[in-house]
Each structure stands twice: as structure tokens, then as C-alpha cells.
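Colleague: structural data only, the sequence is not supplied:
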């Protein structure tokens, strides 16, 4: 049943095309007659002529275009495909018009020299110009339609690629956080079992927060700071008064940052710097204009056991996917500073 319906639709489409070119041809041929009465006396001959020449040019050029598309990949060589298609169309059109008009003059007018007359020349010229204009418009429409689809598909693939990359970056955060937390816990188990038990309870609450926000591209500064405070509390169980984290974000709570970004920067500060009674580590977190600032005094360790963390590069990459604003780092002899752009939820 479907096959039959398809054939019927195919046939109706061709009939519609033939009627269209017939009416167009009859309208053009009317311009060559001196009077309406003269035109009406030859209306059926004009209808047949228009139907035949119109179908020959229309369907012939469609077949030429189809033939070329099968042999030249328009996706890979769009300019070449259009250029060859236009050239083939011009050649086919002029040959088809000349041959058809010659045969028509021989079998209908019984006058083989008609196409060499002034009237025959203008007939051929008008048919050629009109066919070229219509075919060029159709080819241009087809080309730009394909180009638009290609651009849309390219953007779609680009967005999908970015989304996959961003998802991969976010998926790094949870294992990273768990791995480093377990490393800290391992140290505490040997140093202080009671503190280790407290650490596990706090870690459970913190990891619940991590799981709740793992699907978010952005979190509020307020939530990120609460998370960082809990993480800092865990670290103070280990380092005591040797670690001092001071937070003041009164004017930035309505803004947003990348999840776990502040916590990771605090973690990096602890990881890369000496934390001892002789050299306490001081970390300040505050808002300044359009940035959330994380600053620590610089007292680098000479040897770092684990250099495989994701740290700042992960944060930079995630920001790059979400905003044109860049993460800024500054360093001098005494301090290391990271400035995280404060984002709005729309970004």
C-alpha cells in the first residue's frame, strides 16, 4: 500500500511540474505574438511546444545535477560541485534548445531553416536566458540550504564535543577529591585515631554535598564556601593551628563559580606549601570586584610526593567551557593568588 501511494505521489509531482513549465512556456510565447487572436489560434500547438521544451529543460537539468552529485561529493568539494553543475547545465541547455527547436521547425513548420532566422534566434535566446536564471536560482538555493545544514551540524558536533570534554573534566573532580581525602585519612589513622573517626564523619557529609552537585555546571558562591569551610575543618583536624583559613565573602554570595574550584585551590595550597608550627599556612578567601580571590602565603615544599593532581588546569578548562572570563594567577616572593571570575547563572 505504501509503495502504491509513493508511486502516485511521484506521478502527481511530475504532472504538476509539467503543468507548471507548460503554463510558464505559454506565458512567454504569448510575448512573441502580435495579437491575442493570433495567439489563441495556435494555443494548442503552443501548449504542446511549451510542455515538451519545458519538460526537456527542467527534467534534463535535474538529471544532469543528479549525475554530477553522484560523482562529486558536495560536502568535501562544494565550490567545485556547483561550478561543474553550472557549466554542465549551460552546455546541456544550449544543446537541448537548439536540437529541439530544429526538430520542431522541421516536423511542425516543415522549415528546417527556422532556427537561423531572427525570430528563431530570439526564441532560442529567451529560452536559454530564462532556463539559466531559473536553474541558477534553484542551484543557489540548494547550495545555501546544504551550507546552512552543514553549518548547523558542525555547530551541533562542536557543542556535543565540548559537552563531552566538559563532562570528562567534571568526572575528574570526584575521584580526585576522594583520592586526596583518603590520603589524608590514611595519615590520620596512624597519627590520631579519634581525629580519624571525626574526619570520617565529616567526610561523609562533605561527600554527600559533592554527589549532590556533581551534575551542576555552576554552584553559588555561598554553597561553594560552605563546602570549602567543611573541607578546611577536616584539614584543621590534621594540622591544627598550623593552618589558618580566613573567609569573608559578604558581597559575593549571589554570584556563581565552578563546583569544587575554591576547595581545590585550598587543597593545592596545602599540598604545595609547608604547613608547620614554624611556618603556618595562611589562606584568605574574599570577593573583589568581579573575582573571588584565594590567596596564601608562599612557602613551597622542596619535594612534592604527588604531582598527578588536576588542580588549576582542570579549573581553567571548566571555566573556558562556560565563560570568556579567564582564571588569573599571580605570584610574588611572598604570596600566591588565584582569581576566579564570578559568573551569573545565565552563563
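Modeller: Here it is on my side, so go on. Values in this document were obtained by computation on a predicted structure and should not be read as measured data.
Colleague: isn't there a strand covering residue 216?
Modeller: No - looking at residue 216 with DSSP: H, G, I helix; E, B strand; the rest coil, it is coil, so not inside a strand.
Colleague: distance of the residue nearest the centre of the chain relative to residue 149?
Modeller: Per Cα atoms, centre = their mean, the C-alpha nearest to the average position across the chain is that of residue 155, at 2.2 Å. Distance from residue 155 to residue 149, counting by Cβ to Cβ, to the nearest Å: 11 Å. Glycine gets a C-beta too; all of them are placed from N, C-alpha and C.
Colleague: how is residue 98 assigned, secondary-structure-wise?
Modeller: helix.
Colleague: heads up, I number from 20, so please use that
Modeller: Renumbered: residue one is now 20, and that last one reads residue 117.
Colleague: pretty sure it contacts residue 142?
Modeller: No - using Cβ atoms under 8 Å, residue 117 is not in contact with residue 142, being 10.7 Å away.
Colleague: who's more crowded, the two?
Modeller: Shown here are residue 117 and residue 142; by other Cβ atoms under 10 Å, residue 142 has more neighbours (22 against 15).
Colleague: for residue 78, the count of nearby residues, please.
Modeller: With other Cβ under 10 Å as criterion, residue 78 counts 14.
Colleague: and residue 75, what does it touch?
Modeller: 115, 119 (Cβ atoms under 8 Å, 6 or more residues apart in numbering).
Colleague: so for whichever strand or helix holds residue 359, what gets flagged as buried?
Modeller: According to DSSP states H and E, residue 359 maps onto strand 354-360. Under the neighbour-count criterion of 16 or more other Cβ atoms under 10 Å, strand 354-360 has 355, 356, 357, 358, 359, 360 buried.
Colleague: could you pull out the strands for the stretch 170-319 of the chain?
Modeller: 238-239, 262-267, 275-276, 300-307, 310-316 (DSSP state E, counting those that start in this stretch).
Colleague: quick one: closest of those strands to residue 86.
Modeller: strand 275-276 (56.7 Å; Cβ to Cβ).
Colleague: the closest one: how far from the chain's middle?
Modeller: 24 Å (Cα atoms, centre = their mean, to the nearest Å).
Colleague: what's the average pLDDT for it?
Modeller: In this model, strand 275-276 has an average pLDDT of 92.
Colleague: ok, and what's touching that strand?
Modeller: 237-240, 243, 311, 359-364, 366.
Colleague: switch to 10 Å and redo it
Modeller: Residues outside strand 275-276 that contact it (Cβ atoms under 10 Å, 6 or more residues apart in numbering) are 235-244, 310-311, 334, 337-338, 341-342, 359-366.
Colleague: kindly report the same for stretch 144-163.
Modeller: Counting by Cβ under 10 Å, 6+ apart, 40, 43-44, 47-48, 50-51, 72-73, 75-77, 79-81, 83-84, 88, 93, 97-98, 100-101, 104-105, 108-109, 111-113, 115-117, 119-120 sit against stretch 144-163.
Colleague: repeat the analysis, applying 8 Å as the threshold.
Modeller: 47, 72, 76, 80, 84, 93, 97, 101, 104-105, 108-109, 112-113, 116, 120.
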